[in-house]
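Peer 1: Attaching a predicted model along with its sequence, questions to come.
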Amino acid sequence: MNPKKYHEVVCMSAAIHQVAAQSGCSVVVDVGSGLGYLGQVLHKSYNYKIIGLESKGCHTTGAEKRLHKTDSTMGIKNVTFELHDSQESMDQFATVIQQCCQELRQECDEKKNQRSAASGISGNGLKSSDFLMEKHWDTDNTETEKVLMVGLHCCGDLTPIMMKYFKALDFIKGLCCVSCCFHRMKFLDDHNSNCINFPMSCVVRKLCQELEWHPSLYGLRLAAQETRLGITFIFIRMFEIVRVLLVLYSCRWGVQSQADHEYHMKNVAYRGILQLYLNKDGSSPPLDKIKESLRELYSEQEQYFKYIEPITALQVTLQPLLEWLIYKDRELWLMEQGTNATVKPIFDDFISPRNLAIIADKKS
Ligand SMILES: C[S@@+](CC[C@H](N)C(=O)[O-])C[C@H]1O[C@@H](n2cnc3c(N)ncnc32)[C@H](O)[C@@H]1O
């Protein structure tokens, strides 16, 4: 785990523990679990039963491999499953979670039996985490599992989908999500003016109608940008100049088409750096030719470089407002559905700029 991921996983685990304790949950479902770091820390530090759901099979396999290498697998299940915004997917999700809970319980019962059989022998081979697990399960043996649904870096529509599952499925008692990549949310139309999952709440929808304002793809991209803390103005000018020249180079000399550029806009803007060295057929243009083309572009674009700082200043002013609006809309939607909801920063935003979490539980 790199230091950024470590910071996120530790802080998020503490935030999740608070919500789980409040809502009485013993199972944590980590959606978009990736390589399973969050689940592993949650299990080890707080002893929750963990179900990691991940749409990419290679990540699930990676998570399982890591788990087998480093820890006891008891109490943790990794499953390949993709959540969709449909009733069918929600029903499948419910079935998968119930099955996993049953398997986790069986596993635990087996361990318990082994433990009883070996009770006369000291040092029966069970790890302390296994013992804690059994204790944890003993307390809620007869109850239906209460589930807390969490997600670290839920991109695009994943957070809104999770919110809908949370609202509809009774066994999900709490939610804790950190979102990212708002610009990957789906739009209803080709002009990217009608985002399906923003706004969600009646309040923000009404406000947008009154103001005749809707978020564009670029507005959502801006919401997911670096915060002001991560931007060093001394470097930004040089960095942006290099970036702009590389992107223009890619577009102009056919390494990247306009369509590629629009796709690339939706992702990270720095892919031009890699593409610079490759022609479409995979060969490399001579270095002198690249230098000459970049110099040509520099003199052509130089007149615009004075706008870099003011535009960056505008960017860092608007970014928190747009991100806050998206979170506030989600919080209001959850409250409109009758649940408790709040938005709070859980990471140091210098280390991790997407530091807000939407946290919700069901009123008892
Ligand atoms: C940005 S990564 C975060 C991974 C992990 N939570 C972490 O922080 O290390 C988002 C993950 O969510 C997964 N994902 C995206 N959409 C999903 C969906 N609809 N259902 C399940 N997983 C999804 C992706 O495959 C990816 O592994």
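Peer 2: Looks like it arrived, so ask away. Residues are numbered from 1 along each chain as shown.
Peer 1: show me where the chain has strands.
Peer 2: Residue ranges of the strands in the chain, as given by DSSP state E, are 27-31, 49-54, 76-80, 147-155, 172-180, 339-345, 356-362.
Peer 1: who wins for proximity to residue 64 among those?
Peer 2: For these, proximity to residue 64 was assessed by C-beta to C-beta; strand 76-80 is nearest, at 5.2 Å. Where you see a C-beta, it was placed from the backbone N, CA and C, and this is true even at glycine.
Peer 1: quick revisit: the ligand: which of the strands of the chain is closest?
Peer 2: strand 147-155 (3.8 Å; C-beta to the nearest ligand atom).
Peer 1: circling back: kindly reformat the strands of the chain as a markdown table and extend each row with distance to residue 312 and mean neighbour count.
Peer 2: Putting those into a markdown table (distance: least, C-beta to C-beta, whole Å; neighbours: other C-beta atoms under 10 Å) gives the following:
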| stretch | distance to residue 312 | mean neighbour count |
| --- | --- | --- |
| strand 27-31 | 34 | 27 |
| strand 49-54 | 36 | 26 |
| strand 76-80 | 41 | 22 |
| strand 147-155 | 24 | 25 |
| strand 172-180 | 21 | 25 |
| strand 339-345 | 23 | 15 |
| strand 356-362 | 22 | 23 |
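Peer 1: Reformat the ones you listed into TSV and put mean pLDDT and distance to residue 109 next to each item.
Peer 2: Formatted as TSV, the strands of the chain follow (pLDDT from 0 to 100; distance: least, C-beta to C-beta, whole Å):
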stretch	mean pLDDT	distance to residue 109
strand 27-31	97	16
strand 49-54	95	13
strand 76-80	95	15
strand 147-155	96	20
strand 172-180	96	24
strand 339-345	96	33
strand 356-362	96	29
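Peer 1: Include distance to the ligand when you put those into TSV, please.
Peer 2: Formatted as TSV, the strands of the chain follow (distance: least, C-beta to the nearest ligand atom, whole Å):
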stretch	distance to the ligand
strand 27-31	6
strand 49-54	5
strand 76-80	9
strand 147-155	4
strand 172-180	6
strand 339-345	17
strand 356-362	13
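Peer 1: isn't residue 151 right up against residue 157?
Peer 2: No: the criterion here is C-beta atoms under 8 Å, and residue 151 misses it with residue 157 at 11.9 Å.
Peer 1: okay, the strands of the chain in JSON lines with distance to residue 327 next?
Peer 2: Putting the strands of the chain into JSON lines (distance: least, C-beta to C-beta, whole Å) gives the following:
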{"stretch": "strand 27-31", "distance to residue 327": "18"}
{"stretch": "strand 49-54", "distance to residue 327": "23"}
{"stretch": "strand 76-80", "distance to residue 327": "28"}
{"stretch": "strand 147-155", "distance to residue 327": "12"}
{"stretch": "strand 172-180", "distance to residue 327": "8"}
{"stretch": "strand 339-345", "distance to residue 327": "5"}
{"stretch": "strand 356-362", "distance to residue 327": "5"}
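Peer 1: The ligand contacts on the stretch 101-250 of the chain?
Peer 2: 152-153, 155, 158 (C-beta under 6 Å from any ligand atom).
Peer 1: same thing but at 8 Å, please
Peer 2: Proximity of the stretch 101-250 of the chain to the ligand, by C-beta under 8 Å from any ligand atom, involves residues 151-158, 161, 180-181.
Peer 1: which two from those end up farthest apart in space?
Peer 2: Greatest spatial distance among those (C-beta to C-beta): 152 and 157, at 16.3 Å.
Peer 1: Ranking helices and strands of the protein by mean pLDDT, which lands last?
Peer 2: The helix or strand of the chain with the poorest confidence is helix 128-139; it has a mean of 52 (mean pLDDT, DSSP states H and E).
Peer 1: Can you show me the helices along the chain?
Peer 2: 3-23, 37-46, 57-70, 87-117, 128-139, 158-168, 202-211, 217-223, 233-252, 258-266, 272-275, 287-301, 308-336 (DSSP state H).
Peer 1: now these as TSV including mean neighbour count and distance to residue 351?
Peer 2: TSV is the format used below for these (neighbours: other C-beta atoms under 10 Å; distance: least, C-beta to C-beta, whole Å):
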stretch	mean neighbour count	distance to residue 351
helix 3-23	18	5
helix 37-46	22	15
helix 57-70	15	23
helix 87-117	15	32
helix 128-139	15	28
helix 158-168	22	21
helix 202-211	13	29
helix 217-223	19	19
helix 233-252	16	18
helix 258-266	13	25
helix 272-275	16	24
helix 287-301	12	34
helix 308-336	17	17
